[in-house]
Structures are given as C-alpha cells and as structure tokens.
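Novice: show me the folded form of this:
(one chain, ligands or ions: 2)
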Amino acid sequence: MTRSGSETKQTRCVHCGRTATRMNENDQPVCKDHTDREPKEIGCPECGFSMSIKEGRYGYFWGCDGYPGCEKTLSIKKSLQMDEYVDDDIEVSLE
Ligand SMILES: [Zn+2]
Ligand SMILES: [Zn+2]
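Specialist: Ligands and ions are numbered 1, 2, ... in the order given. Predicted structure coming up:
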C-alpha cells in the first residue's frame, strides 16, 4: 500500500480535537499539549464496552472493543461532543 502524503487523514487529538502531532502510550493521537495526559477512555454508547482507537482509511476513530458483536464506531470529534470534555475555546475545523 502506498500513500501519497499524510494530508488526507484527519488525525485529531483524542482529548481536544485539535490536530494531533503524535501518539500517546496507548497509540491514541494527541496534540502536543496532551502528550502526557492519561490515555483517554470512553465507553461504547451502544453496549457499554470500552472503545479503543483504530486506524482506518480516513484516519483514526473509536471502535467498540465488543466488535464483532458490536460494530459501533465514533469519530474523535463525535466522542468529544458526546462527553462534553472539550478544552476551552478550541476551534474544531473540519477539512
Ligand atoms: Zn489535545
Ligand atoms: Zn459496543
């Protein structure tokens, strides 16, 4: 598989939704301000299982650990809206 540049993937910080620059110890994309923050944990809104970061064709997203029993996925942006855990005045711009 060859990829022409990495621009096409949206990679957002799991904590704030800004552009992620690196991965934390749990392989979650994080921005430079959140590199040292505890890995984020979210629960599946469908089944209550924990969710973990997966890498897909269009970037990173949350996938349910109950897969394949549960196929719930969430974008990072969606997960931030869901738990209202967003840092002050961050502008999330979708490209
Ligand atoms: Zn961040
Ligand atoms: Zn689930």
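
Novice: which residues does the residue nearest the centre of the chain contact?
Specialist: Nearest to the mean C-alpha position of the chain, by C-alpha atoms, centre = their mean, lies I76 at 3.6 Å. Each residue near I76 by C-beta atoms under 8 Å, 6 or more residues apart in numbering is listed here: R12, C13, V14, G17, P29, Y60, F61, W62. Heads up, the C-betas are built off the backbone N, CA and C, glycines and all.

Novice: for those residues, which one is nearest ligand 1?
Specialist: For the contacts of I76, the closest approach to ligand 1 (C-beta to the ion) belongs to C13, at 3.2 Å.

Novice: my guess is the closest one contacts H34, does it?
Specialist: Yes. With contacts counted by C-beta atoms under 8 Å, C13 reaches H34, the gap being 5.6 Å.

Novice: can the helix-or-strand element of the chain with minimal mean pLDDT be found next to ligand 1?
Specialist: Sorting the helices and strands of the chain by mean pLDDT, DSSP states H and E puts helix 76-83 at the bottom, at a mean of 87. No. Interface with ligand 1: helix 76-83 contributes nothing (C-beta under 5 Å from the ion), its closest point being 9.9 Å away.

Novice: and that helix, what's buried?
Specialist: The neighbour-count check on helix 76-83 (16 or more other C-beta atoms under 10 Å) flags I76, S79, L80 as buried.

Novice: the contacts of I76: which ones sit near ligand 1?
Specialist: C13.

Novice: quick one: low-confidence ranges for this protein?
Specialist: Low-confidence segments of the chain (pLDDT under 70): 1-10, 83-95.

Novice: what residues does it have near ligand 2?
Specialist: C44, E46, C47, F49, C64, G66, C70, K72.

Novice: ok, the third one - contacts?
Specialist: For C47, the contacting residues are C64, G66, G69, C70, K72, taking C-beta under 8 Å, 6+ apart as the criterion.

Novice: confirm that it lies within a strand, as I assumed.
Specialist: No. Per DSSP: H, G, I helix; E, B strand; the rest coil, C47 lies outside any strand segment and is coil.

Novice: quick one, strands of this structure?
Specialist: Along the chain, counting by DSSP state E, strands occupy 22-23, 29-30, 42-43, 50-56, 59-64, 73-75.

Novice: perfect, I'm done here.
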